[in-house]
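Chemist: Sequence and predicted model, in that order:
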Amino acid sequence: MYIRIVFMKPLVTISIPVFKCERSIVKCMQSVLEQTYPNLEVILVDDCTPDQSADLVKDFILEHTPERWKLVHLEQNSGLSVVRNTGIELAQGSYIFFLDSDDEIIPETIEKLIETAENTGAQITMGEVMGIKLPEHQILDVFPIREKRDYIQGNFEILSSFVNGHFPVSSWNKLIRKDFLTQNNLWFTPGLYAQDSLHTFEMALKAESIAVLRMKTYKYYLHSDSVIHNRKKVHFDNWITIAQKVDQHYREEENPERKKLILQYLVAFKSMTLQMNWKAQKNEDLWKRSYSEYRKLKSLTLKDYLSKKFTKELKKKNLFISLPVNLGYRVFKWRYER
């Protein structure tokens, strides 16, 4: 007598925010409905959207009656961090996948990601991104994965890869084990608009295994309403908060090699966001405010400059963000405009 054992495929939770997404939410949900992977749970979190987005979700669920789809309403508008935390809290799946409501996934996305995750045992599995610029539908290479290895094991290797920009900071398009998030208390920080870079950095501080799937799994749409084109003071303030939290992680870290990596990331983050700040607004007062706050945080010391621990390029970046504010502004503006 033979006993046939059938193993259930792991349940995957897809979490989607619902807020001012009338033009895209139906296509987003349709891309989820078309997934070839059968064992899915979909949690759509309504962040008190003022338009008809939530109604479109209700109608879609009513029309297609997919299993394990539900629309959750927050009592007050709380921002994307709280929306994503709600998705984590409510998720019944072994894995969670964040999908933004103005984007889409290809039909094989979850099937291929879960196959890679299960074969490797990775806590985080990521695919490649197809950028689509609207309205011309131009295909762009965005959020590239520069990491050459398909599988990384060991936290120091993962943190090094992240700090050196080898994988994207986006929270979406990553299949993440739920127990990895909850056991390490990896929640999104409420109040942040630019929550992805901080959350992915904090995941990199804890992760022990990451896998890469070499195929396009996510359609990222760039349009006039994208945050990347509409950064304002609130986003600059968010960057200050993120830098402060990275600075806090540096001060709490005891391992000297990890401290070096965190400081490297902090210096690069400050330099990069000052450039993004100026590109978005070209507002002297806003730029100086960020620069002034960044100067209060950890930077390279004279000893660091005399050592070979940091690259010449990083030392150069650190120098230009450590000057007195007015001088720093003049030097930055000259370098930016030359």
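Modeler: Structure's in. What do you need? These numbers were taken from a predicted model, which means no experiment stands behind them.
Chemist: which SS state does the nearest residue to N39 once chain neighbours are set aside fall under?
Modeler: Distances taken as Cβ to Cβ, 6 or more residues apart in numbering put K9 closest to N39, at 4.5 Å, once the chain neighbours are dropped. Quick note: C-beta positions are derived from backbone N, CA and C, even for glycine. K9 falls in the coil class when you classify it by DSSP: H, G, I helix; E, B strand; the rest coil.
Chemist: Identify the residues contacting K9.
Modeler: Y37, P38, N39, I114 (Cβ atoms under 8 Å, 6 or more residues apart in numbering).
Chemist: Follow the chain on from the top helix by length along the chain and name the next helix or strand.
Modeler: Taking DSSP state H as the criterion, the chain has its longest helix at helix 256-281. Scanning the chain past helix 256-281 towards its C-terminal end, the next helix or strand to appear is helix 284-295 (assignment: DSSP states H and E).
Chemist: How much space separates L263 from T311?
Modeler: Computed as Cβ to Cβ, to the nearest Å, the L263 to T311 distance reads 12 Å.
Chemist: Looking at the residue nearest to N39 now. What's its pLDDT?
Modeler: At K9, the pLDDT value in this model is 93.
Chemist: Please apply the same query to V82.
Modeler: According to the predicted model, the pLDDT of V82 comes to 96.
Chemist: okay, L263 and T311: which has more neighbours?
Modeler: When L263 is set against T311 and neighbours are counted by other Cβ atoms under 10 Å, the residue ahead is L263, at 25 against 10.
Chemist: which residues does the more buried one contact?
Modeler: Under the criterion of Cβ under 8 Å, 6+ apart, the contact partners of L263 comprise Y250, K298, L300.
Chemist: Next, the buried residues of the longest helix of the chain.
Modeler: The neighbour-count check on helix 256-281 (16 or more other Cβ atoms under 10 Å) flags 258-271, 273-274, 276-278, 280-281 as buried.
Chemist: again, but for stretch 172-182
Modeler: By neighbour count with 16+ other Cβ under 10 Å, stretch 172-182 contains the buried residues W172, N173, K174, L175, I176, R177, K178, F180, L181.
Chemist: mind putting these in TSV, secondary structure included?
Modeler: As requested, the buried residues of stretch 172-182 are exported to TSV (three-state DSSP):
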residue	secondary structure
W172	coil
N173	coil
K174	strand
L175	strand
I176	strand
R177	strand
K178	helix
F180	helix
L181	helix
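Chemist: And the residue nearest to E118 when sequence neighbours are not counted, how close does it get to V169?
Modeler: Taking Cβ to Cβ, 6+ apart as the measure, E118 lies nearest to P10, with 7.0 Å between them; neighbours along the chain are not counted. Distance, P10 to V169, by Cβ to Cβ: 26 Å.
Chemist: which of these two has more neighbours?
Modeler: The residue with the greater number of neighbours, taking P10 and V169 and applying other Cβ under 10 Å, is V169; the counts read 17 against 14.
Chemist: ok so, going back, top of the contacts of L263 by number of neighbours, please.
Modeler: Most crowded among those, counting by other Cβ under 10 Å, is L300 at 20 neighbours.
Chemist: In which helix or strand does that residue reside?
Modeler: Secondary structure assignment for L300, by DSSP H and E: no helix or strand.
Chemist: Count the neighbours of the residue lying closest to it once chain neighbours are set aside for me.
Modeler: With Cβ to Cβ, 6+ apart as the measure, N318 is the residue that lies nearest to L300, at 4.3 Å, once sequence neighbours are left out. Applying the criterion other Cβ under 10 Å, we find 22 residues in the vicinity of N318.
Chemist: can you give me the helices for the chain?
Modeler: 25-33, 53-64, 80-90, 109-120, 155-163, 178-183, 195-206, 233-252, 256-281, 284-295, 302-306, 312-320, 325-337.
Chemist: Please name whichever of these is nearest to Y221.
Modeler: Counting by Cβ to Cβ, Y221 lies closest to helix 25-33 out of the helices of the chain; the figure is 9.4 Å.
Chemist: Sketch out the low-pLDDT regions of the stretch 201-338 of the chain for me.
Modeler: Applying pLDDT under 70 to the stretch 201-338 of the chain flags the ranges 224-230.
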